[in-house]
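A.B. asks: just need the structure, nothing else, for what follows:
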Amino acid sequence: MKAFTLLMLNRQKVSTIVIASVICAFMLLTFRITYTNTPYFLFLIWNLFLAGVPFIITTYLISLKTPYKLSIVFYFTIWLIFLPNAPYIVTDFYHLRLSHSHLIWLDALVIFCFAIAGLILFYFSLSDMYTTVSLYIKKKYVKVVIYGSCFLSGLGIYLGRFLRYNSWEILSNPAQLIKDCFSILLFPKAHIQAWLFVILTGFVLSVGFYSFRVLIDKKEV
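C.D. replies: Below is the predicted model:
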């Protein structure tokens, strides 16, 4: 825990960006709740908490000097299960259909801020996992793992948004979840929309990560 705390203090730029994005989101949500006297968008706090789990995992991993390979596999699995929760917040724009016309601009701003915070957590976490995995496998395979995680995140978002699965259902309801996943993979013609969503979302997340890596390499974040 001490090493984790010291790492966060040493990564001042990263901490500042993450904290600033989260505070901005919370301030707008607080204003929205006060202005409308309704707590409707409180679920965004839970979504952002779940988005932070992968970031916490990878921040912990890079605080370790020489993590054991077996522990890396364990943490990577948990990380991958929760990873889709970060970009998932972008799909919360879906809730704008329930907004009143005079509030849609405010609701869009609130969701936008939470989505940005989620994507920041997503890309920093991906970058940290890139660094961690690079210690154990060749660079070309690292890219396959990391960019593959973007497409798997697309699948996770689809399962969450359209099939209404939660991350913990991999433990509480694994049989049905695996069945639906295999149905999508084995019968693509019957799940064209799912494949389009996964491929396009994975592509966008991958391009975003590539751009993010270029920026942080230059800025040395």
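A.B. asks: what residues sit buried inside stretch 57-65?
C.D. replies: For stretch 57-65, burial by neighbour count (16 or more other C-beta atoms under 10 Å) applies to 57, 58, 59, 60, 61, 62, 63. (Each C-beta comes from the backbone N, C-alpha and C, glycine too.)
A.B. asks: meant to ask about stretch 19-35, not that
C.D. replies: Result for stretch 19-35 [16+ other C-beta under 10 Å]: buried residues 21, 22, 25, 26, 28, 29, 32.
A.B. asks: look up the closest residue to the last one, ignoring the ones flanking it.
C.D. replies: Distance criterion C-beta to C-beta, 6 or more residues apart in numbering; nearest residue to residue 32, sequence neighbours excluded, is residue 110 at 5.2 Å.
A.B. asks: gap between the helix or strand hosting that neighbour and the chain center?
C.D. replies: Take DSSP states H and E as the rule and residue 110 turns out to sit in helix 104-133. Centroid separation for helix 104-133 versus its chain: 7 Å, with C-alpha atoms, centre = their mean, to the nearest Å.
A.B. asks: sort out which residues of it are buried, please.
C.D. replies: Quick answer for helix 104-133 (16+ other C-beta under 10 Å): 106-107, 110-130, 132-133.
A.B. asks: can I get the following helix or strand past it as PDB, trimmed to CA atoms?
C.D. replies: Note on helix 104-133: by DSSP H and E, the next helix or strand toward the C-terminus is helix 139-161. In PDB, the C-alpha atoms belonging to helix 139-161 read as follows (Å, rounded to 0.1, in the frame of the first residue of the first chain):
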ATOM      1  CA  LYS A 139       6.400  -6.300 -28.100                       C
ATOM      2  CA  LYS A 140       4.500  -7.600 -31.100                       C
ATOM      3  CA  TYR A 141       2.500  -9.900 -28.800                       C
ATOM      4  CA  VAL A 142       2.000  -7.100 -26.300                       C
ATOM      5  CA  LYS A 143       0.200  -5.100 -29.100                       C
ATOM      6  CA  VAL A 144      -2.000  -8.100 -29.900                       C
ATOM      7  CA  VAL A 145      -3.000  -8.400 -26.200                       C
ATOM      8  CA  ILE A 146      -3.600  -4.700 -25.700                       C
ATOM      9  CA  TYR A 147      -5.400  -3.900 -28.900                       C
ATOM     10  CA  GLY A 148      -7.300  -7.200 -28.600                       C
ATOM     11  CA  SER A 149      -8.400  -5.900 -25.200                       C
ATOM     12  CA  CYS A 150     -10.000  -3.000 -27.000                       C
ATOM     13  CA  PHE A 151     -12.100  -5.300 -29.100                       C
ATOM     14  CA  LEU A 152     -13.000  -7.500 -26.100                       C
ATOM     15  CA  SER A 153     -14.100  -4.300 -24.400                       C
ATOM     16  CA  GLY A 154     -16.400  -3.700 -27.300                       C
ATOM     17  CA  LEU A 155     -17.900  -7.100 -26.700                       C
ATOM     18  CA  GLY A 156     -18.200  -6.400 -23.000                       C
ATOM     19  CA  ILE A 157     -19.900  -3.100 -23.700                       C
ATOM     20  CA  TYR A 158     -22.400  -4.800 -26.000                       C
ATOM     21  CA  LEU A 159     -23.100  -7.500 -23.400                       C
ATOM     22  CA  GLY A 160     -23.700  -4.800 -20.800                       C
ATOM     23  CA  ARG A 161     -25.700  -2.300 -22.800                       C
END
